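Colleague: have a look at this prediction, sequence included:
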Amino acid sequence: MAASIMSANAIVAEKELKLHINVYRGLRSSVVINPVGLVRALPSSSSSSSDWIVRAVSMPDTAVVKRSKVELFKEQSNFLRFPLNEELQTEAPNINEVATQLIKFHGSYQQTNRDERGSKSYQFMLRTKNPCGKVPNKLYLVMDDLADKFGIGTLRLTTRQTFQLHGILKKSLKTVMRSIIKNMGSTLGACGDLNRNVLAPAAPYTKKEYLFSQETAENIASLLAPQSGAYYDIWVDGEKVMSAEPPEVIAARNDNSNGTNFPDSPEPIYGTQYLPRKFKIAVTVPTDNSVDILTNDIGIVVVSDSDGEPQGFNIYVGGGMGRTHRLETTFPRLGEPLGYVPKEDILYAVKAIVVTQRENGRRDDRKYSRMKYLINEWGIEKFRSAVEQYYGKKFESFRPLPEWEFRSYLGWHEQGDGALFCGVHVDNGRIGGKMKKALREVIENYNLNVRITPNQNLILCDIRHSWRQPITTVLAQAGLLEPRHVDPLNITAMACPSLPLCPLAITEAERGIPDILKRARAVLDKVGIQYNESVVIRVTGCPNGCARPYMAELGFVGDGPNSYQVWLGGTPNQTSLARCFLNRVKIQDLEKVLEPLFYNWRTKRLQGESFGRFTARIGFEKLQEMVDKWDGFVDIPPRHDLKTSADHQNGKEE
């Protein structure tokens, strides 16, 4: 079976069989390979974990390396149960290393408050799973209550259209999980080595292609959800609280005509090892890049006929943001075209791609385990050929697509069914204080369903026209203003939570970005850039890229205490990858970089040229020269009215 251990006896058996496999084929023992690449392990004796080994990409057949310890944790876990269940029942405020890895699959991370000194203050972050960002009215109100009763009093909207609850104590975990599950929610698979939340445009339009993209996202999420039942065993004592699945999802999951499944396994797609690393999928419609489509492992685009009727899908593969500082063999990557499939085949095509990654992605070194590294190593042609074996068909040619656009969906819009929706800007996705109370009042009083956007904002759905004015009044009184009153920098900005709770954080992001945006705005004013000419700014506290800084026109990536890498060259529609321009820029030196860059953008740009495209055209050598030689300039009178926005005039921040 794929993803099985290789004991010392199996190594000997392999030598006797004299098998020569020239490419990495995942976690396999000595094997006999059938035409579609399935494998069956030779028997092996019991062995210690130190004997468990696996081939690695690009290494000779004779070379072997150990699997990462997380692979061993998964295999020994009884499908994500052991020792998590046992650890949750102890009196300790924390759980052990193995359980810490396993609870991620259940949607939680163990954290400590890094602002506190002395003994560690353990707590847990919970992340929900909301395909398309859909949040029923009942679930929103429950999440709002849980944040106050068991969390730190705030809700956070993520860049993958989900909620995060911070500050949950171990003793409260089961109560909180049960409440979420019992109220139309789930955290299953929100973290861990499997498919994460599936993105889709959050706008509740009634247009066919939008509805179809959202339905497809929900079906993919269902197809790739863990099946073993461990989640319900642990959190609701075995009671399965699930809605009925569409028959096409069940059929695609059970189909093994091309050797994709583990027969008779509690996890027919994932097996005992699940995936090598996290896996991200987004679905959208042509032109709508509200989902950062090229940053996903799989990006899916609805293709419709001239009458607007969906016919099939274009598929991109190989996107991903995470990297490691000062390790050039790790990198962000954009997805590239794989091909086109008819609409009835999409679940089978997605499953084939996932299985190709399951069987071939690296499991020895987690830094290189994302599918982008497999595709980078193989090339798209070889990858396509491997996927087609599991798909059982050839991919058709990629269909032409129009230019992508970023859409925030802020403000008031017609849904298409007589109702309105309202997109509400939430700085960095953090809902608290007056904002939290106002949103609760509106959502509860008008019985509204909501949706979370991939840009950390909230959409209020199904609003009658007669409700528009009273809702606008309540929101405005809490500082939730219509988009024309919000600084354009804030509308496109994003930041990860970072300090104090994220264990990977090197420096500030969410807590630091308000000041960064204020200072960026001050520099733009100083050099005479018009107020409505914005720059996409994204900030992360480490190189993992949770706020997708490598797609920003101006990205800040934490690389030391109060220090950032500066990335330049992304585009407003998120279709170009930024590159690292400067390392270790101290936060107090921000203006020394921004002033020459923004000034030269104003004076040397082409007509209509965005900041990101300007930096890419000029080139880093000339940009570096501009920064090095900068000694200021005579102030230029502003060419615009600084009183356009009340927030801008007063420098107001939440």
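Modeller: Cool, got the structure. Numbering: from 1, shown residues only.
Colleague: can I see the domain layout of this structure?
Modeller: Annotated domains of the chain cover 69-76+192-391, 411-484, 491-629 [the TED database].
Colleague: so which of those comes closest to Arg399?
Modeller: domain 69-76+192-391 (5.0 Å; Cβ to Cβ). In this view, the C-beta of every residue, glycine as well, is placed from N, C-alpha and C.
Colleague: would TSV of the domains of the chain with distance to Ile95, mean neighbour count and mean pLDDT be doable?
Modeller: TSV is the format used below for the domains of the chain (distance: least, Cβ to Cβ, whole Å; neighbours: other Cβ atoms under 10 Å; pLDDT from 0 to 100):
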stretch	distance to Ile95	mean neighbour count	mean pLDDT
domain 69-76+192-391	12	20	97
domain 411-484	27	18	97
domain 491-629	14	20	97
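Colleague: okay if I get the ones you listed as CSV plus distance to Tyr122?
Modeller: Listed next are these as CSV, based on distance: least, Cβ to Cβ, whole Å:
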stretch, distance to Tyr122
domain 69-76+192-391, 19
domain 411-484, 22
domain 491-629, 11
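Colleague: of these, which is nearest Asn137?
Modeller: domain 411-484 (5.2 Å).
Colleague: circling back to that earlier point, between the domains of the chain, which one is nearest to Ser179?
Modeller: Across the domains of the chain, closest to Ser179 is domain 69-76+192-391 (Cβ to Cβ), at 10.0 Å.
Colleague: quick check: end-to-end length of the closest one?
Modeller: Its start and end residues considered, domain 69-76+192-391 measures 31 Å (Cα to Cα, to the nearest Å).
Colleague: from the chain's centroid, how far away is it?
Modeller: 12 Å (Cα atoms, centre = their mean, to the nearest Å).
Colleague: distance of the residue most central in space within the chain from Gly339?
Modeller: Nearest to the geometric centre of the chain sits Arg160, at 4.7 Å (Cα atoms, centre = their mean). To Gly339, Arg160 is 25 Å away according to Cβ to Cβ, to the nearest Å.
Colleague: what ranges do the helices span in the stretch 151-300 of the chain?
Modeller: 173-182, 208-223, 230-235, 247-254 (DSSP state H, counting those that start in this stretch).
Colleague: give me the contact list for the shortest one.
Modeller: Translated: helix 230-235. 78-81, 84-85, 88, 106, 174, 177-178, 181, 188, 238-241 (Cβ atoms under 8 Å, 6 or more residues apart in numbering).
Colleague: only whichever of those are buried, select them in PyMOL.
Modeller: Of the contacts of helix 230-235, the buried ones go into a single PyMOL selection, burial set by 16 or more other Cβ atoms under 10 Å:
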select buried, resi 78+79+80+81+84+85+88+106+177+181+188+241
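Colleague: keep only those of the contacts of helix 230-235 that are in strands.
Modeller: Nothing among the contacts of helix 230-235 maps onto strands, per DSSP state E.
Colleague: pull the residues that contact stretch 578-591.
Modeller: 507, 512, 516, 519-520, 523, 549-553, 555, 557, 559-560, 562-570, 593, 612, 615, 620, 623-624, 627.
Colleague: for that stretch, C-alpha coordinates in PDB please.
Modeller: Extracted C-alpha coordinates of stretch 578-591, given in PDB (Å, rounded to 0.1, in the frame of the first residue of the first chain):
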ATOM      1  CA  ALA A 578       6.700  39.900  -6.300                       C
ATOM      2  CA  ARG A 579      10.500  39.600  -5.600                       C
ATOM      3  CA  CYS A 580      12.600  40.300  -2.600                       C
ATOM      4  CA  PHE A 581      14.100  43.800  -3.000                       C
ATOM      5  CA  LEU A 582      15.600  44.500   0.500                       C
ATOM      6  CA  ASN A 583      16.400  42.400   3.600                       C
ATOM      7  CA  ARG A 584      16.400  43.500   7.200                       C
ATOM      8  CA  VAL A 585      14.800  46.900   6.800                       C
ATOM      9  CA  LYS A 586      14.100  48.100  10.300                       C
ATOM     10  CA  ILE A 587      10.600  49.500  10.900                       C
ATOM     11  CA  GLN A 588      12.000  52.900  12.000                       C
ATOM     12  CA  ASP A 589      13.700  53.200   8.600                       C
ATOM     13  CA  LEU A 590      10.600  52.600   6.600                       C
ATOM     14  CA  GLU A 591      10.400  56.200   5.100                       C
END
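Colleague: alright, calling it a day.
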